[in-house]
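>>> just need the structure, nothing else, for what follows:
(2 chains)
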Amino acid sequence: MERKILIVDDEAHIRRLLERALMDFEDEGVEILSAENGEIALQLVQEEMPQLVFLDVMMPKMNGFDVCKAVKHDLGLTGVYIVMLTAKGQEMDKERGEQVGADVYLTKPFDPDEILDLARQVLGL
Amino acid sequence: MASSSKTMTQRIASVLNRIPGGRFFANMSIGGKLTVGFGILVMLTLVVVGLSFLSSDAAYQKIETTKQLRAPLALASARAQADLLTMLADVRGYLALGDEAYRTGYATSSDAFQADLIELERLLNQSDPGNTEVKQQIDEVQITFEAWSPYPDQLFTLRDDQLQSEPALRVLVQDASPLIARITTDVSAMIESQIEREPTVANMELLGTLGDFQSSSYAIVAGLRGYVATGRNSFKYEYTSNLSANDEAWGTLIQARDEMTLSQQTRLSDMETARSTFLELPDEIFTIIEGDRAREDLYLFRTEAVPLAETMLQRLNEITNVQQNLLQSDLDEGSSQLAASQRRNLTVGLVALVVATGLAFIIQRSIVGPIERLTAVAGEISAGKLNARAIIEANDEVGELATTFNAMTGQLSGTLDDLESRRREQEAVAKTLRQQNEYFSALHQTTLGLMSRLDLNELLEALILRVGQLLNAPHGFIYLTDLTKPGSIELKVGTGFFHKQIGSTQVLGEGLAGKVWQSGTPLIVEDYDQWEGRISTFSYNLIGTNVAVPLIRASSQFASRADAIGVIGVAYDSSVHGGFSAGQLELLTRFSELASIAIDNARLYTVAQEARAAAEAADQSKGDFLSSVSHELRTPLTSVLGFARIIQKELDTKVFPSIQTEDRKVKRAIEGVSEDLGIILMEGERLTTLINNVLDLAKIEAGKIDWKMEPVAVADIVQRAAAATSALFTQKNLTWANEIEPNIPLVTGDQDKLIQVVINLISNAVKFTDQGCITCRVRQNDGGVVVSVIDCGMGIAPDDQPKVFEKFKQVGDTLTGKPKGTGLGLPICKEIVEHHGGHIWVESELGKGSTFSFTLPNTLASPEDVLQAVDLDRLIERLKALGTKTAPIGRQQTILVVDDEENIRALLRKQLEEAGYRVQEASNGTDAIVMLQGEHPDLVILDVIMPGVSGFDVAAALKQNPETMRVPIIILTIDDDKDRGYRLGVDRFLRKPIDSEVLLHEINGLLNTEPTEKIALIAEEDANTVKVLSEVLSEKGYIIHRVVDQERLFTNALVAKPHLIIANVAFYAGQDIIHRLRLEESLNSVPVLLYHKED
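Predicted coordinates for the structure are as follows:
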């Protein structure tokens, strides 16, 4: 099975940072996809069925919570592991993330090595 | 009554005076009167007693004679009679039966009789020697007895000689027996001779006849003997029947005389003689036996002895009778004398009674009467008739008393008049005082009610109403200055005529209000229409008296217009002119002073409210700002740090290894780049920490932190903090030591936050210590647990020590140049520790090291864990008070809304009242708890975050009290620590903003749910106590589980899943089980009620 990781953030730098952090995976045949807003992200999730999604919370058009909720609840996709990324270190968000079905919740700034480790675990690499 | 008794007493007094000596008696002293009276009584008593003694003595003498003489004589005579009769009986007995006992008995009774006779004689001689009649009778008895005395022995002898005593026997034996013997001998001889004769027919016939004669002769004799011996008629019959056969045989023998031999004929002749003699005897014997002298002794007894005895008996009887008669007559005489004596006594007694009554009357009249009359006069005086005077009836003590009494009454009358006039004066003063008091009380109430009013318009309305009530004025007004319009005052509120004028202004010095404002002194206008200063535009014929006073704060020592914030006044209808008293003016002035303070307060409050609203807005925007800043900073920071790490990694793993150069410049550049990247990373991390700390602190200060308060072990916290900071120690040459006292109690706290505090202290210690040891010490003191982190670093100067807990104050930063923190670590520690009810401080000596310590109170601070045991009886009472249902149907249900935000309370009130509920409000937790102690609402809606006591605390207090633990609780908040809420037994958790539909649905569900059966676990060893508790709880619909084994309480609770645990505090064995229950998810919301029993 082809492994895919979707990166969703409206900030190009953060997308690039995540792509860079996960760059080594491309040699291992993992496809890195990215989306700059929630709508595109949701569309890509349905089309590509990535195993892992790094999802920013604060985004225009459709925020991370809504994307997560749509994926986990509305679409009922169980094979999608969602890592929520937020700049707000507030516990309320953390809880909300859990409510909408996020699997892990990371607060910015994050360590690229952490991202890599996490992806390895999720993808079983 | 009083007058008639008075005339009566006067009459008696005059009568007494008229009696000879009466006047003298009346003038005697009370002692004398009593002596005379009692003397007469004693004499009367003596007379009565003497007479009664004499009468009874005569009767006594009679009775004594009877006792001494008559009775003994009669008795002795009777005894002699008895003995005589015994003698007779004994003689008769011996004669009849011949028993020797009777002869002995006779001897004894004879002696007794003789003794009786001697005693009789002696008695007579002793008591009544002159009584010849009795003496003669006794003598007669004695003579008779002498005549009698030979008889018994004679009779006894006679009885012993049968032939003497029985004449028939004597005839038979002495006269008949020889004849019978001759006959039988003759006939036997004749028979013998006949047998020897020739047996011819004639001879044989003769022999037969001889035989017949012989046998019949024997039969005759046998019958005769039997009759004599027994007297029985059968023997007599036997005799007579055989006699005829004998006669017949005899006749045949006589005829056959010729056939007989000669000897036989001789014999026959002899027989003939004997027989004829004999045949006369039976008739004699029959006569004797059938006559009265058949027994000679009895005959003699009957004819001689008995008549003598009867004579004696007769005499003795006479003596007895005479004595008895005499005795009876003596007794009769004695009792008649006694009766007479009684009659005499009665008569004399009655006379004495009459005399004594008379005396008592006289004494009463002369002693008691005057006292009574004096008392009556005293009564009249005490009833207010001060002109009453006592009558002086005599010159005794009572008379003196009456004189003194009259004098006293006179003085009293004077004093009372004096008092009356003083009383009137005092009443006037009291009336004034009372009026003032009423005013001040009214003022006080006004103050109480009004001072708390903070809305200015409401306050003014209330003030004008109140002043109208106080002064009974239909019209009132309050003018206030307006800063925007100097030089004029505006009518803010008005009643009556002034109501329409609200909003109008008055210029300084113009009209009543303007003048008062200008002068700063009160002004009374008694007739407003005629007053020259009136405002011409104001309608005529409306107002009479019009009064105004300035509103000046009483605190202003030098009151002047500048201090007057307005004018307050009242007015009366045109019909009222004048009559506004100084007291009323005083009241109005006082009122105005209080009113001005209240107005000031309200104005200040309004300003403060505005300021607060502004501050809150600023605070909110600060929070928003911080939140945004945090977000905006984190995003670039993420890139900076992230790329820096990637670069570092790439350089380290890929770039630098591929650069093989000997160029020093390139090498130095490589080293420089590595170090520079390290700095970028370090500072980036520092910036991240700073942002986190700023946010933390802001959240703590805004009260927006979720405190997960639970029982925690301090030792555990220290261990975890040590583990988290262990990496720091390895970087430096430092060692770590723990000094933890044993048996440190659990404290209530947020474990993560407390770990954060200790980590912070340890990292600070590491930061400022280059070598040596860092010690963490945990010990217990009175107030709680003390945690200290001790280092041996550079220390802090005394001046700097307090500053370390201030924000962004890093001590010594400029000098040492080694700042490594954010400057917010210790302030955050301080906030956290203080939130736990503890405090944090530092002790330090420059160059030697520092000790940072903080305390945690060991009383478990949260009410959910404070279990106070109550007395068993009280617990039972409280359990009994439990409602069986949440709310009775048909009653309006009450909901308590607890929220510190007024608009939320108002919103909820509106929604709930529309839905038909009654609403109570509390603006903070303390008020809510106080309100819950009174009437219990049917449901409570609680906000969590409130100043002071939080909503969770209120919920805990509610669920901990058996009386309120069934009241459903809805938590309504932005904060949503649901776990904690449910742990406390909160029923529903709703998030703000309020969705009224959901809220009402939940309320309806909670209020109309019938309580299902619940389980109560009782931990108690004593069966009786369990019984009592079970009864109460069963009534409330609980199913009872009982735990008798202390060890098993926890496991039983786990299995039974009770809704309530009730435990004896001794049984509950301290707090350990509480913690175990609290930590167990399924049990931590169960209310635990502890009780103790009084021993």
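>>> rest of the way, CA atoms for contacts and neighbours
Will do.
>>> whichever residue of chain B sits closest to chain A: what's its closest spatial neighbour, skipping adjacent residues?
In chain B, no residue comes nearer to chain A than B:T638, which is 4.2 Å away by CA to the nearest CA. Of all residues not flanking B:T638 in the chain, A:P109 sits nearest, at 4.2 Å (CA to CA, 6 or more residues apart in numbering or on different chains).
>>> would you confirm that the one you found contacts B:L633?
No. Using CA atoms under 8 Å, A:P109 is not in contact with B:L633, being 9.6 Å away.
>>> what is the burial count for the residue nearest to B:T638?
Neighbour count of A:P109, defined by other CA atoms under 10 Å in any protein chain shown: 23.
>>> before we move on, the earlier item: in what helix or strand does the residue of chain B closest to chain A lie?
helix B:582-650 (DSSP states H and E).
>>> chain center to that helix: distance?
On the basis of CA atoms, centre = their mean, to the nearest Å, helix B:582-650 sits 62 Å off its chain's mean C-alpha point.
>>> which elements pack onto it?
Where contact means 3 or more CA pairs under 8 Å, 6 or more residues apart in numbering or on different chains; DSSP states H and E, helix B:582-650 is packed against helix A:12-21, helix A:112-123, helix B:397-451, helix B:456-471, strand B:543-552, helix B:664-701.
>>> quick revisit: A:T107 is in contact with the residue of chain B closest to chain A, correct?
No. If you go by CA under 8 Å, B:T638 and A:T107 don't touch, sitting 9.6 Å apart.
>>> quick one: which of the two has more around it?
Taking neighbours as other CA under 10 Å, B:T638 and A:T107 compare with B:T638 leading, 23 against 17.
>>> now A:L125, what's its secondary structure?
Using DSSP: H, G, I helix; E, B strand; the rest coil, the secondary structure recorded for A:L125 is coil.
>>> distance check, it against chain B.
20 Å (CA to the nearest CA, to the nearest Å).
>>> per-residue confidence at that residue?
pLDDT, A:L125: 75.
>>> can you report how many residues neighbour it?
Neighbour tally, A:L125, other CA under 10 Å: 9.
>>> just say which of the helices and strands packed on helix B:582-650 is most tucked in.
Highest mean neighbour count among these (mean count of other CA atoms under 10 Å in any protein chain shown): strand B:543-552, with a mean of 27.
>>> which helices and strands sit right next to that one?
Short answer (3+ CA pairs under 8 Å, 6+ apart): strand B:543-552 packs on helix B:511-519, strand B:523-525, strand B:564-573, helix B:582-650.
>>> possible to save those as CSV with mean pLDDT?
Shown next, in CSV, are the helices and strands packed on strand B:543-552 (pLDDT from 0 to 100):
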stretch, mean pLDDT
helix B:511-519, 87
strand B:523-525, 89
strand B:564-573, 88
helix B:582-650, 81
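>>> strands of chain A, residue ranges please.
A:3-8, A:30-35, A:52-56, A:81-86, A:104-107 (DSSP state E).
>>> make TSV out of these and add distance to B:T689 and mean pLDDT.
As requested, those are exported to TSV (distance: least, CA to CA, whole Å; pLDDT from 0 to 100):
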stretch	distance to B:T689	mean pLDDT
strand A:3-8	26	93
strand A:30-35	30	92
strand A:52-56	21	93
strand A:81-86	16	89
strand A:104-107	12	85
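>>> can you tell me which of those is most buried?
Mean neighbour count (mean count of other CA under 10 Å) peaks for strand A:52-56 among these, with a mean of 26.
>>> partners of that one in the sheet?
Note on strand A:52-56: by DSSP bridges, its sheet partners are strand A:3-8 (parallel), strand A:81-86 (parallel).
>>> between it and strand A:30-35, how many degrees?
Here the directions of strand A:52-56 and strand A:30-35 differ by 30 degrees (axes from the mean of the first three to the mean of the last three CA atoms, to 10 degrees).
>>> mind checking how far strand A:52-56 is from the chain centre?
Distance of strand A:52-56 from its chain centroid, counting by CA atoms, centre = their mean, is 0 Å.
>>> restrict it to CA atoms and write it as CSV.
Included here for strand A:52-56 are C-alpha records, laid out as CSV according to Å, rounded to 0.1, in the frame of the first residue of the first chain:
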residue,chain,number,x,y,z
LEU,A,52,-1.3,10.6,8.5
VAL,A,53,-2.5,14.2,8.5
PHE,A,54,-0.7,17.1,10.1
LEU,A,55,-3.6,19.6,10.6
ASP,A,56,-3.2,23.2,11.6
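>>> show the contacting residues for B:W841.
B:852-854 (CA atoms under 8 Å, 6 or more residues apart in numbering or on different chains).
>>> where does it fall, phi/psi-wise?
Here is the backbone geometry of B:W841 (degrees, to the nearest 10): phi -150, psi 170.
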